[in-house]
Every structure is written in structure tokens, then in C-alpha cells.
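Visitor: 3D, please:
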Amino acid sequence: MRTLAALLILSSLPVLAEEECRVEAGPNDVVKKTGNVVIEAGQTAEDAVALDGTVTVKKGATVKNAVSFHGGVVVEDGAKVTKTALAIGGTVKVAKSATVNSTVEVSDKGLRVRGEDGKDVDVNIVIGGKSLGQRIADEAMAKMKNCRIATK
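Guide: Numbering: from 1, shown residues only. Below is the predicted model of the structure:
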């Protein structure tokens with residue numbers, strides 16, 4: 001069931017148009033096409049998204065979703081991610097005193113989902129010598145190369 005939830009999360013990422021890649025960023029979102037996104041202490045954001053970099057949520061900061069393509073997500077001690085920390089092509093690192101509802105990693109190791117109960121679900125299906133996670137990560141990365149960021 002959590003695997004289905006993870007795939008739904010992947011499909012609900014910022015809107016990507018069929019003919020062109022367009023990431024829609026709202027007024028409370030922090031989105032960067034290349035480079036790292038850092039949410040500092042005291043700062044809040046709806047979605048923190050790095051299309052080619054790492055998202056770091058610092059102590060005292062709160063985000064709804066932290067999403068990284070071709071990088072990782074780091075949630076430091078005392079930081080909060082109220083929904084999902086998602087890394088496509090990277091890892092999610094959560095400090096012991098951080099609060100995260102769920103984590104999702106999509107990589108060459110497959111698909112790993114950790115729910116609010118703290119239990120992991122790992123799926124690693126290999127198709128044609130390549131893991132499903134790597135296939136998803138590669139496809140997402142190929143689409144992200146030509147993305148443009150549109151502000152709502």
C-alpha cells in the first residue's frame with residue numbers, strides 16, 4: 001500500500017506539461033533549477049524543490065514537502081517536514097530529533113518508502129538489467145534538464 005502511495009507522490013509533483021517541462025512554483029515555494037536549496041531556521045515553505053541539487057531543511061525551519069532531483073534531502077535536528085521528503089536519484093537523511101511524516105528515495109537501489117510508523121518498504125525490481133528506481137530517476141532527470149520554472 002505504501003508503494004502505491006509513493007507512486008502517487010511521484011505523480012503529484014509540481015505539474016510537468018506533456019510537450020514541455022514546466023515546474024509551477026507558488027508564492028510559498030522555494031524552487032531552484034540548478035544548485036542547492038536551503039531552508040533556514042525560522043523560515044517556512046510549502047514546497048522546497050531542487051531540480052539538480054540538495055534540499056537542506058535547517059533546525060527551526062518547516063516545509064511541507066522537500067523534493068530533490070539528482071541530489072539529496074537533508075533534514076537537520078529540530079527541522080520539520082510535515083508531509084514528504086523525496087529524493088529522486090539521491091538519498092534522504094533525517095536527523096534523530098527531526099520531524100518527517102514520510103520519506104521516499106528513488107535510486108539505483110530501487111524505491112524505498114518510510115511511513116510515519118517508521119517502517120521501511122523497499123522495492124527493487126530489475127528490468128533489463130536496470131532497477132525500476134533507477135529507470136524512474138533517469139527518466140525524471142532527463143525531463144528536468146529542459147524544465148523551466150513558472151511562478152503562479
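
Visitor: how about the nearest residue to Ala61, chain neighbours excluded?
Guide: Of all residues not flanking Ala61 in the chain, Ile39 sits nearest, at 4.2 Å (CB to CB, 6 or more residues apart in numbering). The way it works is simple: take the backbone N, C-alpha and C, and place the C-beta from them, glycine included.

Visitor: do Val57 as well
Guide: Ala79 (4.1 Å).

Visitor: so the residue nearest to Ala61 makes contact with Gly60?
Guide: No - between Ile39 and Gly60 there is no contact under CB atoms under 8 Å: 9.6 Å.

Visitor: who are the contact partners of the residue nearest to Ala61?
Guide: Val30, Ala45, Ala48, Val55, Thr56, Val57, Lys58, Ala61, Thr62, Val63, Ala66, Ala79 (CB atoms under 8 Å, 6 or more residues apart in numbering).

Visitor: repeat that for Ala45.
Guide: Residues near Ala45 by CB under 8 Å, 6+ apart: Asn28, Asp29, Val30, Ile39, Ala61, Thr62, Val63, Lys64.

Visitor: save the residues you listed as CSV, and put in secondary structure and pLDDT too.
Guide: Formatted as CSV, the contacts of Ala45 follow (DSSP: H, G, I helix; E, B strand; the rest coil; pLDDT from 0 to 100):
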residue, secondary structure, pLDDT
Asn28, coil, 92
Asp29, coil, 93
Val30, strand, 93
Ile39, strand, 98
Ala61, coil, 98
Thr62, strand, 98
Val63, strand, 98
Lys64, strand, 97
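
Visitor: neighbour-wise, which one of those leads?
Guide: Counting neighbours by other CB atoms under 10 Å, the top entry in these is Val63, with 30 neighbours.

Visitor: how close does it get to Lys93?
Guide: 15 Å (CB to CB, to the nearest Å).

Visitor: now do Gly35
Guide: 18 Å.

Visitor: neighbour count: those two, which is higher?
Guide: Lys93 (16 against 12).

Visitor: other residues contacting the helix or strand containing Val104?
Guide: Assigned by DSSP states H and E, Val104 falls within strand 99-107. With CB under 8 Å, 6+ apart as the test, strand 99-107 has contacts from 5-6, 9-10, 73, 75, 79-92, 94, 111-116, 131, 133-134, 136-137, 140.
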